[in-house]
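Participant: Structure for this input, please:
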Amino acid sequence: QVQLVESGGGSVQAGGSLRLSCAASGRAFSSYAMGWFRQAPGKEREFVAAISTNDNTYVDDSVKGRFAISRDNVKSTVYLQMNSLKPEDTAVYSCAARVSPFSPIYYVSSGQYSYWGQGTQVTVSS
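Facilitator: Numbers count the residues shown, from 1 in each chain. Model (predicted):
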């Protein structure tokens, strides 16, 4: 089992940057595929980015070229670098994990993940 804690959210003006972190507790972080999702008020949760245990990455078209996902297995942390932020990026961002050792597969559906963090708020003003 793994516990996830997000940090790095906050308020920023449009065009600014933030880096979200998701720290995992427990063993074998390197065996978990990780993902970032977001949920804006009144909207359903949506996929943002994912990374496999073999470091394959995928980002949603809505953030492609602006957001990047990475992981540091030594620090048991996954990151979401967000650049050129827009007001429509405002949401609660949550990280998720599922066991997937030694695999190039990343997961884009929330139902494919077993563990979730509490989320961190990102607010982008125009």
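
Participant: how about the helices of this protein, start to end?
Facilitator: Counting by DSSP state H, no segments of the chain form helices.

Participant: Show me the strands in it, by range?
Facilitator: According to DSSP state E, the chain carries its strands in the segments 3-7, 10-13, 18-25, 32-39, 46-51, 57-59, 67-72, 77-82, 91-99, 115-116, 120-125.

Participant: right, so those: which one is the most enclosed?
Facilitator: Neighbour counts averaged per stretch over these are highest for strand 32-39, at a mean of 25; criterion: mean count of other Cβ atoms under 10 Å. (C-beta placed from N, C-alpha, C; glycine too.)

Participant: Keeping just the C-alphas, turn that strand into CSV.
Facilitator: Backbone C-alpha positions of strand 32-39 (Å, rounded to 0.1, in the frame of the first residue of the first chain) are rendered in CSV as follows:
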residue,chain,number,x,y,z
TYR,A,32,4.0,2.2,-9.2
ALA,A,33,2.8,3.8,-12.4
MET,A,34,1.7,7.3,-11.5
GLY,A,35,-0.8,9.8,-12.8
TRP,A,36,-2.0,13.3,-12.3
PHE,A,37,-5.7,14.3,-12.6
ARG,A,38,-7.6,17.5,-12.0
GLN,A,39,-11.1,18.5,-11.1
